[in-house]
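Enquirer: Prediction below, plus the sequence it came from.
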Amino acid sequence: MEKTELEINGLTQSQASIHSSAFILLLKEINGARTLPIVIAHPEAQSIAIELEKMKPKRPFTHDLFKTFASSYGIELVEVIIYDLKEGIFYAKLICEQGDNRVEIDSRTSDAVALATRFNCPIFTYEFILKLAGTDPSKAEVKQEVKTPKKAKAQKVKTAQQSIEELELELEKALEIEDYEKASQVRDKINRIKNQQ
């Protein structure tokens, strides 16, 4: 079966979930427009976000520990494959190598992606999974853009700059006290404001 390579396209808190600590991990096909949304728990979302943002926690996360342990014994994670989808649950495996020995290890998809970010290895899935659960934003309705007068737009940019400065201070404080959940949320707010400018 031919594999399709994916990349992390976003991570956001789920508004629809009954679990307030659920997040949506968006994996996008590299040579296409489809996105695979996967619901993951808070600890894995936090671990992925910290690695993507290149934040340096004072103490290692479990995924950091796994990478250090594997690297100490010459084990490399060469790829992650999301190979099945049953009753809304994605199934993944880690493809590891140690010298000439190649091993497949069953994994939760969220852990597999968190490890892929640390080993800098590719993430793959199969076409049937993209057909079952993938979404194509290019086929969604395009929202009409509202034009803002120049004066109002300038005021909006000035306010956004003040907000960014305040949020960056809040981010520093959150990192100092090791509140990585808050740090991730603040970083997301900063990125949203910058993308709107």
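Expert: Arrived safely.

Enquirer: all strands for the protein, in order.
Expert: Along the chain, the segments classed as strands by DSSP state E run 3-13, 23-29, 35-40, 76-86, 89-98, 101-108, 123-126.

Enquirer: possible to save those strands as TSV with mean neighbour count, mean pLDDT and distance to residue 62?
Expert: Quick note: C-beta positions are derived from backbone N, CA and C, even for glycine. Putting the strands of the chain into TSV (neighbours: other C-beta atoms under 10 Å; pLDDT from 0 to 100; distance: least, C-beta to C-beta, whole Å) gives the following:
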stretch	mean neighbour count	mean pLDDT	distance to residue 62
strand 3-13	16	91	18
strand 23-29	20	93	17
strand 35-40	20	93	14
strand 76-86	18	96	15
strand 89-98	18	96	14
strand 101-108	12	96	12
strand 123-126	21	96	19
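
Enquirer: of all those strands, which lies closest to residue 174?
Expert: Taking C-beta to C-beta as the criterion, strand 3-13 is the member of the strands of the chain that comes nearest to residue 174, at 15.8 Å.

Enquirer: partners of that closest one, with directions?
Expert: Neighbouring strands of strand 3-13 in its sheet, by DSSP bridges, are strand 23-29 (antiparallel), strand 123-126 (antiparallel).

Enquirer: Determine how far the shortest one lies from the middle of the whole chain.
Expert: When you say that, I think you mean strand 123-126. 15 Å (C-alpha atoms, centre = their mean, to the nearest Å).

Enquirer: what residues go with each domain of this protein?
Expert: Residue ranges of the domains in the chain are recorded as 3-138, 150-196, according to automatic domain parsing.

Enquirer: picking up where we left off before, let me have the strands of the chain in TSV, adding distance to residue 69 as columns.
Expert: Formatted as TSV, the strands of the chain follow (distance: least, C-beta to C-beta, whole Å):
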stretch	distance to residue 69
strand 3-13	23
strand 23-29	24
strand 35-40	22
strand 76-86	12
strand 89-98	12
strand 101-108	13
strand 123-126	21
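
Enquirer: which outside residues touch stretch 164-177?
Expert: Residues external to stretch 164-177 that are found in contact with it (C-beta atoms under 8 Å, 6 or more residues apart in numbering): 55, 180, 182, 183, 186, 187, 189, 190, 193, 194.

Enquirer: how does it look with 7 Å?
Expert: Applying C-beta atoms under 7 Å, 6 or more residues apart in numbering, the set of residues contacting stretch 164-177 from outside is 55, 182, 183, 186, 187, 189, 190, 193.

Enquirer: Which of these has the largest number of neighbours?
Expert: Sorting the contacts of stretch 164-177 by how many neighbours each has (other C-beta atoms under 10 Å) puts residue 183 first, at 24 neighbours.

Enquirer: Give me the nearest residue to it, chain neighbours excluded.
Expert: On the basis of C-beta to C-beta, 6 or more residues apart in numbering, the spatially nearest residue to residue 183 that is not a chain neighbour turns out to be residue 174, at 4.1 Å.

Enquirer: All good on my end, thank you.
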